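# sequence and predicted structure below; questions after.
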Amino acid sequence: MSPRRASSLTPWLIWILGGSFFTYTFFQRTNPSAMVESLMRDFDVNAAALGNLSAVYFYAYAAMQIPAGVMFDRWGTRWILALAALVSAGGAVLFALAPSLDVAILGRVLVGLGGGMSYLGALALAMIWFPRERYALLVGISMPFGIVGGVLGQAPFAALLQVVGWRDAILGSAGLALLLAMLFWLSRSAKPPTDAARSAAVVAGAKRPALLDSLHRAAREPQIWVLSLSGAFSVAPMFAFAGLWAVPYLMQVHGLDRPAAAGAASLMMIGLGIGSILSGWLSNRLRRRKALFVTGLVVSLAGWLVVVLVPDLPIAVHCLLYLMIGIAKGTSVLTYIAAQDHAGAATSGAGSAIINTFYLGGGAVAQYFIGMLLDLHWAGEIVAGVRIYSPVAYDAALLAMPASVGIALLLSFAIRESHPGRHPGGSMPL
């Protein structure tokens with residue numbers, strides 16, 4: 001391979017490596033949905049406790065967003081991502097070998113802490129290695145990397161569990177995180193091409209923000225907080241449903257087997273990937289962020305209302321609704337792009353960190369809240385050591401889904417339309 005050809009491929013290889021870590025962390029985010037009965041049985045927990053076990057991943061992930069954004073703005077990406085992947089691997093090993101619920105929670109916390117660097121890392125790599133005019137498109141394309149992990153954590157993982165069991169499957173996943181850590185470490189010597197990053201020269205001659213300055217500057221932009229709140233209420237139902245409760249719901253209410261239920265739930269993730277790509281592309285073509293985001297909220301709200309209020313529809317219709325909701329949820333990536341439009345590229349890492357903190361925090365609360373509602377309406381049925389929740393219980397718990405999206409829609413009216421190109425190009429350090 002010629003040096004010029006290798007140089008032109010390097011940005012894509014580096015960015016794909018960052019996206020692959022996001023794939024891994026999204027896999028860890030959604031795979032509890034395929035293990036609900038096994039985890040309830042092995043750790044002797046109810047729905048609320050299981051929701052909390054799954055949610056601690058989100059709490060840890062959310063807790064890392066602001067530190068990650070500031071670190072990427074200040075120090076760079078790849079050696080930090082190598083360390084993050086190593087932490088994720090250790091957490092997966094601890095969770096797989098956990099003799100008790102407390103140890104399992106600690107393992108999930110470590111997985112979340114490491115994974116908390118992944119999406120912002122992918123965004124940082126897109127900023128560093130490619131021209132700014134490609135950033136919106138790359139943000140949209142970054143999300144499908146996670147969607148692949150989300151899909152793998154459902155139907156394929158459910159099928160794997162029938163062969164090897166959940167502990168061996170999680171233990172094997174730790175090896176993938178170790179491989180990613182090694183690749184990040186080996187790639188740290190590569191330098192961005194001048195025509196793609198432009199940032200090398202800019203950063204070399206410009207003063208970098210102080211450690212907390214980028215966070216302070218981002219936090220002073222009111223639109224960051226509006227985007228964070230509206231986006232969090234928008235995506236929380238999907239994190240709760242597709243990430244944990246969809247599989248037991250489809251099994252216990254609609255009578256599907258585990259692989260079929262996981263496959264149906266994964267349609268929401270597939271739709272999210274489609275929607276995120278379309279949103280990034282359309283927002284640049286139309287030079288509008290808010291209009292597309294609000295449209296996604298309206299479509300999502302309509303879909304959730306049908307799912308919750310008309311649960312007796314054929315399962316094929318439910319699958320179409322899950323896909324539609326996922327596509328509509330894809331517009332949530334526009335909050336990251338709008339944040340850069342409003343706050344400027346120099347604080348893009350910190351702005352995205354604030355948004356991601358709200359997103360993941362909302363997902364964690366939603367998972368626990370749905371579990372708590374299920375326990376409140378539990379009729380006392382237990383089969384093989386696992387609590388069984390009636391359709392009435394699920395109907396009551398899932399009402400939280402359209403309610404959350406409705407709040408997001410109300411908040412979205414405070415979003416100010418942003419226009420691509422408002423701020424000059426900026427950069428992040430390596």
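All right, it came through fine.

# so where does the residue lying closest to Tyr57 once chain neighbours are set aside fall, helix or strand?
Among residues not flanking Tyr57 along the chain, Gly112 sits closest, at 4.0 Å (C-beta to C-beta, 6 or more residues apart in numbering). Using the backbone N, CA and C atoms, a C-beta is placed for each residue, glycine as well. Using DSSP states H and E, Gly112 maps to helix 101-115.

# and that helix, which residues are buried?
Neighbour-count burial for helix 101-115, counted by 16 or more other C-beta atoms under 10 Å, picks out 101, 104-115.

# export it as CSV, just CAs?
Backbone C-alpha positions of helix 101-115 (Å, rounded to 0.1, in the frame of the first residue of the first chain) are rendered in CSV as follows:
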residue,chain,number,x,y,z
LEU,A,101,-25.6,-8.9,43.8
ASP,A,102,-23.2,-6.4,45.4
VAL,A,103,-20.3,-7.8,43.4
ALA,A,104,-22.4,-7.8,40.2
ILE,A,105,-23.3,-4.2,40.7
LEU,A,106,-19.6,-3.3,41.1
GLY,A,107,-18.8,-5.1,37.9
ARG,A,108,-21.6,-3.2,36.0
VAL,A,109,-20.3,0.1,37.5
LEU,A,110,-16.8,-0.6,36.1
VAL,A,111,-18.3,-1.5,32.7
GLY,A,112,-20.2,1.7,32.7
LEU,A,113,-17.2,3.8,33.8
GLY,A,114,-15.1,2.5,30.9
GLY,A,115,-18.0,2.7,28.4
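
# tell me what it is packed against?
The contact analysis (3 or more C-beta pairs under 8 Å, 6 or more residues apart in numbering; DSSP states H and E) places helix 101-115 against helix 3-30, helix 36-43, helix 47-63, helix 78-96.

# the same query, at a cut-off of 6 Å, please.
Judged by 3 or more C-beta pairs under 6 Å, 6 or more residues apart in numbering; DSSP states H and E, helix 101-115 is in contact with helix 47-63, helix 78-96.

# what residues are up against the nearest residue to Ser88 once chain neighbours are set aside?
Excluding its sequence neighbours, the residue lying closest to Ser88 (C-beta to C-beta, 6+ apart) is Gly114, at 3.2 Å. Neighbouring residues of Gly114 by C-beta atoms under 6 Å, 6 or more residues apart in numbering: 84, 87-88.

# can you pick the most crowded of those?
Highest neighbour count within the contacts of Gly114: Ser88, with 30 neighbours (other C-beta atoms under 10 Å).

# count of neighbours near the nearest residue to Ala84 once chain neighbours are set aside?
Nearest residue to Ala84 in three dimensions, chain neighbours excluded: Met117, at 3.8 Å (C-beta to C-beta, 6+ apart). By the measure other C-beta under 10 Å, the count of residues near Met117 is 31.

# now Met117. Its backbone dihedrals?
The phi and psi values for Met117, taken as degrees, to the nearest 10, are phi -90, psi -10.

# ditto for Val386
According to degrees, to the nearest 10, Val386 has phi -120, psi 130.

# do you know the pLDDT at it?
We have a pLDDT of 76 for Val386.

# can you pull the contacts of it?
Applying C-beta under 6 Å, 6+ apart, the residues contacting Val386 are 37, 40-41.

# okay then, goodbye and thanks.
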